[in-house]
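# Build me a model from this:
(chains A, B, C, D and E, ligands or ions: 4)
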Amino acid sequence: MAPDVAKARPDLDRQLAGLDALELAGNTRRDRRTRVWSSTWPKLGALALALGIWQALVWAEWKPEYVFPGPGEVFPKLWDRVQDGSMAETFATTMQRALIGFAISVVVGGLIGAAVAQFRVLRAAIGSLITGLQTLPSIVWLPFAVLLYGTTEQAIMFVVVLGAAPSIANGLISGVDYTPPILLRAGKVMGLRGVNYYRHLLLPATLPAFVTGLKQGWAFAWRSLMAGELIVNFGRASLGAQLGSDRDVNDAPGLIATMIVILCIGVLVDLAFGAADRALRNRWGLNTD
Amino acid sequence: MAPDVAKARPDLDRQLAGLDALELAGNTRRDRRTRVWSSTWPKLGALALALGIWQALVWAEWKPEYVFPGPGEVFPKLWDRVQDGSMAETFATTMQRALIGFAISVVVGGLIGAAVAQFRVLRAAIGSLITGLQTLPSIVWLPFAVLLYGTTEQAIMFVVVLGAAPSIANGLISGVDYTPPILLRAGKVMGLRGVNYYRHLLLPATLPAFVTGLKQGWAFAWRSLMAGELIVNFGRASLGAQLGSDRDVNDAPGLIATMIVILCIGVLVDLAFGAADRALRNRWGLNTD
Amino acid sequence: MTQATTQAAQSRTAAAVRLDGVSKAFGSGAGALLALDKVSLDVAPGEFVCLLGASGCGKSTLLNLVSALDRPSAGTIDTGDARVALMFQEPALFPWQTVTGNIELALKMRGVPRSERRSRAAELLGLVHLEGFAKKRPHQLSGGMRQRVALARALALTVDETDSGRGTLLLMDEPFGALDAMTRDLLHDEIERIWRERGLTVLFVTHNVREAVRLGDRVVLLSSRPGRVVEEFEVPMPRPRRIDSTEVSTLAATITDRLRAEVSRHGS
Amino acid sequence: MTQATTQAAQSRTAAAVRLDGVSKAFGSGAGALLALDKVSLDVAPGEFVCLLGASGCGKSTLLNLVSALDRPSAGTIDTGDARVALMFQEPALFPWQTVTGNIELALKMRGVPRSERRSRAAELLGLVHLEGFAKKRPHQLSGGMRQRVALARALALTVDETDSGRGTLLLMDEPFGALDAMTRDLLHDEIERIWRERGLTVLFVTHNVREAVRLGDRVVLLSSRPGRVVEEFEVPMPRPRRIDSTEVSTLAATITDRLRAEVSRHGS
Amino acid sequence: GGDDGSGGGGALKLGFFPNITHATALVGVKNGIYAKHLGVKPEVKTFNAGPAAVESLFAKGVDATYVGPNPAINAWAKSKGKAIKIIAGAASGGVALVVRPGIDSLDDLKGKKIATPQKGNTQDVALRHHLKSKGLTTDLSGGGDVKIIPQENSVTLQTFASGQIDGAWVPEPFVSRLVLESKGKVLLDEKTLWPNGQFVITHLVVRKDFADENPDVVRKLLTAHVEATEYINANKTAAAQAANEQLGELTGKKLKPNVLDATFKNVTFTNDPISSSLLEGAKHAQDVGLLEPVDLTGIYDLTTLNQLLSSQGKAQVKAS
Ligand SMILES: Nc1ncnc2c1ncn2[C@@H]1O[C@H](COP(=O)(O)OP(=O)(O)OP(=O)(O)O)[C@@H](O)[C@H]1O
Ligand SMILES: Nc1ncnc2c1ncn2[C@@H]1O[C@H](COP(=O)(O)OP(=O)(O)OP(=O)(O)O)[C@@H](O)[C@H]1O
Ligand SMILES: [Mg+2]
Ligand SMILES: [Mg+2]
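Ligands and ions are numbered 1, 2, ... in the order given. A predicted model of the protein is given here:
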């Protein structure tokens, strides 16, 4: 049958060549460039707008400069920190913690989510507790974390995992709940069980909801990490500690500089999730454009 | 045609009556009772287990009692606070703020989500910013909130909305992204546009993801509220303030009592969302049991 | 409804649908697939045209293009100011609505006042033999029942209470694929009646050649991938026709032979 | 495969499927709906049984019960130790897999070693005339093409590389509903060949009476809501039969009349 | 949102911490001293840390607040002298190094972990400076001879109790709580490091623009402040009770009597801002690299206070 396809190809190519001449000319390459551009310019525009408003507010002396400094003060500050290497250090520490904490959360949240989604008793017993735990602010957990682990890395991890794992578990659970039953039935008929069931049916079917859960989990993890670093601050320079000390000395430009860094990381991570999400939707045929 | 149905009914009833005798006997009533019970006992079991472990740890003198008090100290404390009315007061203040803040978040998040999901330019421009904003911990926003609103109710609301609205918007966006295109096409063919489009197609289609978003949004709102009340504390007794002062004065039993209250509220709210979710899945025919 | 008929008669000079050199390619580069190749087709107002073609030849794609859900890669499509009612190949019912809710929504979009919707929907449900299922949800129906609900919804979209005077174009994609022969025969009569009463222009996709001959003024044959119009057959028999009449069988046999040749030429 | 045939022959004494007084009600209380009412049916190993019945009479429900996806409200179902391969009325393909991925997964579940899967899947795709579409995803196919992939997947499930010696029960729910007559005729031959080669027991739901007579050893007629077995027809003609032969037509006409009576009695 | 803070008629917005070192405010509020002199009750806002208080001051959320020396220096430095003025002292003393038994001298601290409330705050600087002067090394990331761990005081109580740290340089009431609840012992009272045993722990800060626009309100505030200070010094026991009552109202938990007594014994309440200790402290901070050089000239504005004091026939205070 394969030769058949090969035989058919040139014919198809010729037909398409005709169409190309009509309107598809050079479409693919130009397409990609246009696509990148059309997803970039709005971002740049929004950025320029935000900066403009910010500067305008400063020029209008909306608030005294020491509470609301302008870009002209914040960016040099940021640059200083980049230059003297302190930014690299804080960034590295924090990202390392974030990634480890998030990885643990994915495993823990994934396992809990899978268990709760599968076993009705577990769901009845602790389903709601998962969200309940999530509503306890990190600041409440910290005393316990400190109690358990002292002022150590583990204490921070504990808080991060407690923040992120529930979201991830919830994502998985809602993914399972909203999987079309016909696909589950198809899997049953095919005899998918155990590992195969997870690998070939449940995981891919719930992937969209799971990615959404991961995204939310990341936001929780990151917030918890900041709070953790801010409070369980033991020497290692980190973004959260930086945030705390900027605030402690009422250093507004420094605070905004740190916020910008945190925001940028948040945005970048979301872009990564967004890309994963788009790839998924393309595969599933959910892209309507 | 209605008479037709009415005519058919007794016939059907008789047939069903036969079946009932076979095995469905008294099913409906017993069913409901069994269902309630089968969703309750695991919760009670989990609760008993948790209490047991807690008490066991205390008896084993795992940590000194003034850092890790047992149920025997915590519950009387809780009861005291209920008795002297302080619990009612803090609860009322906090719930009022939570509900108002959440309501605002739903509106703001819903509008932003709908706009971003609809307009490609907006999505490219600020789609990722939404999650980005969410990763900034409340503690960072507070200085700004205070700057904008002073130490007022609005400052707290600001923080709550900033925490919750992005989740809600994200829920809506991912709901729209994962709506089966065939339904969107059906809507187009029917000429659904404007308000009708939202009311009859987009809202119901995205409801499941939206409910998940609301759930996450609630968790964020509640955490932000606690953090806000903890920091912007101006006289009115509230759960967050209670948490802060319990913590400041190292009142471990008080702290745990407050945590239990917060946790219970979290669990109750999740149960409410869970019920909504289950109703939805029933309507959509997604319940596989 | 008399008004609609007059309206349709008045504008019968121009085509209700005009496809001119329409091509449609999916994807681009090596993975591209040409679904339709320079299809030109005119459908007169009030005409009932049936489309025949092998599986995957581009029939659904054509309907999507005509209803403006997709855009052609080349060529033009003109449907004038006609309203379009499309019945998809899948039922595509809204799962959050009851059966009657799905139909009532379509009626609402066509300007039927709230007070009449319930009864009009019940009427349509009666037409597709689903009395008593108004309150069920789509997932509680069998496959064929869902298809009939989708049919009722499409018919609801041919209602025009706004008195816009615009013609209605009804596109149907294998509407009876999941139905037993008896139910289908009954529905043929109903469709024909509604088509006539409302002066609709119909583009009807089917795999059943007899069905095409039973219903169509004209039967259009598409070639396999890429779809091209290979032949058109006028159906001269007077209506109402019976699907098991000899005339229908004879013409159907001719068309089947032609179709068989076409399919075997392309290997499917 | 010869082994499977022998196996099937050996156990021909017992029924491959035995339904005994099977009833199925959906819902409870006032909204309850009785879909099947005391259906009793035996299918011998290696037998090809076709199920006919009006839309919504409970055919799909019956297949779901036999494949143990649902549990009957009353009565018992015994399928022995047979493996079940079910082709749903909808395609029910996994949207996250390519066409070949969907089929390969089924092969994997039947113990086909990784190295052979790709070629076996290509073979099955050739059988349903979808060479060249292996790398596409379900949403890139036409309705009929999706149905054919689902058919290929169901056929993949009838493979047994584990040499368990257990018989296979193939349940098919309107497998050719969305296909043109030519493609369908070709697939009839293929299905018949595979059935014979692998010694399958087949329960086949269709709305096409000729198709039922063309394929079945026996045709079982279900009444409309609630479904009951009203009549069974042995098909005595030798195989291979031609769908447009006079014998097939004659028996089909008889069954159609019986069915028509049944449908009109219940109003559909 | 927000209020512009001008408008002399409205109530004064006064900030302070629910903490014994802010007893002046606690007693003043409890006994209605502020209300008496201002004519209306002040709008009270409590903070649990200096930075939040300064934030609020910047945002015009409060007009005047009691804070420690360090936040005041920061507020002054960051606003380049535009935002605040210190208008009176409030409390002195009440800071000590508490260690676990077995540590008897500074030398025993080698290799030990000592907590401070916050990196770069007054106590943190004092500890680092003192160790440095005794030849012990420390660094900002917790290394060196003595490992300094900045953490919140409430966390310190916990970590000290569970043995994760060996000591802490903290203010009251944590000194007394560590001693009384966790069997710590005072190794060094910070008093002993300062001339006359006096160094500022709390003072009263006012928003500059508020003070410029409402001199009379500030005068009334100061009158009340002076009266409260006087009352505390004259009626220690009653004042301690009143402060504790107010604490109870604000936080829902009173101090235990023994902690309350000990705390009140260790803290001195005075109108003198003890400016020398503020300036010296700033110098120490620069020494250990925790503060950029800053010119503090003009941070004090004690004229109104001195007018009041002299009109009441009391000794004036000075800003050196
Ligand atoms: N999940 C369900 N809940 C409630 N009713 C159901 C459900 N599934 C099927 N039914 C009802 O059971 C009856 C039989 O349905 P079934 O799908 O078996 O019909 P069918 O014979 O396969 O029809 P078709 O030929 O249209 O596919 C129908 O009346 C349908 O409404
Ligand atoms: N979204 C898509 N992406 C890529 N290819 C597509 C897409 N939709 C349709 N095709 C291809 O276009 C061709 C025509 O599809 P179409 O659905 O129009 O066929 P059809 O004539 O309706 O067939 P059937 O009778 O099976 O429904 C098919 O080969 C199909 O693979
Ligand atoms: Mg099609
Ligand atoms: Mg069916």
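
# which parts of the stretch 1-150 of chain E sit against chain A?
Within the stretch 1-150 of chain E, the positions near chain A by CB under 8 Å from any CB of the partner chain are E:49-51, E:54-55, E:58-59, E:71, E:74-75, E:77-80, E:82-83, E:118-121, E:140-143, E:147, E:149-150. The C-beta positions use only the backbone N, C-alpha and C, and glycine is treated the same way.

# Selection in ChimeraX covering whichever of those residues are buried, please.
This is the ChimeraX syntax for the buried subset of the residues of the stretch 1-150 of chain E next to chain A, where burial follows 16 or more other CB atoms under 10 Å in any protein chain shown:
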select /E:49,50,51,54,55,58,59,71,74,75,77,78,79,83,118,119,120,121,140,142,147,149,150
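
# Right, and ligand 4 sits closest to which residue of chain A?
As assessed by CB to the ion, ligand 4 sits closest to A:Ile182 within chain A, at 12.4 Å.

# Need the per-residue pLDDT for that residue.
The score at A:Ile182 is 90. That number is its pLDDT.

# my guess is it meets D:Gln89, correct?
No - counting by CB atoms under 8 Å, no contact exists between A:Ile182 and D:Gln89, whose distance comes to 9.5 Å.

# who has more neighbours, these two?
Neighbours per residue, other CB atoms under 10 Å in any protein chain shown: of A:Ile182 and D:Gln89, the larger number sits with D:Gln89, 22 against 15.

# how about the residues of the stretch 1-150 of chain C near ligand 4?
C:Ser142, C:Gly143 (CB under 5 Å from the ion).

# Quick check on C:Val219: phi, psi?
Backbone torsions of C:Val219, given as degrees, to the nearest 10, read phi -120, psi 120.

# gap between it and E:Gly32?
According to CB to CB, to the nearest Å, C:Val219 and E:Gly32 sit 99 Å apart.

# which of those two has more neighbours?
Remark: of C:Val219 and E:Gly32, C:Val219 carries more neighbours, 25 against 11, as counted by other CB under 10 Å.

# beta partners of that one?
Per DSSP bridges, residues listed as beta-bridge partners of C:Val219: C:Cys50, C:Phe233.

# per-residue confidence at residue 260?
You didn't pick a chain, so chain A it is. The predicted local confidence for A:Ile260 is 88.

# my bad, chain C
On the pLDDT scale, C:Arg260 is placed at 83.

# Tell me if it really is in a helix.
Yes - the secondary structure assignment for C:Arg260 places it in a helix, going by DSSP: H, G, I helix; E, B strand; the rest coil.

# Distance check, it against D:Asp185.
Between C:Arg260 and D:Asp185 the distance is 9 Å, computed by CB to CB.

# Over to E:Pro71?
When distance is defined by CB to CB, E:Pro71 is 89 Å away from D:Asp185.

# Repeat that for C:Leu105.
Taken as CB to CB, the spacing of C:Leu105 relative to D:Asp185 amounts to 40 Å.

# Which of those two has more residues huddled nearby?
For C:Leu105 and D:Asp185, the more surrounded residue by other CB under 10 Å is C:Leu105, and the numbers stand at 23 against 17.

# Name the nearest residue to the more buried one, ignoring sequence neighbours.
Taking CB to CB, 6 or more residues apart in numbering or on different chains as the measure, C:Leu105 lies nearest to B:His200, with 5.7 Å between them; neighbours along the chain are not counted.

# Determine the three-state secondary structure at the one you found.
On the basis of three-state DSSP, B:His200 is classed as helix.
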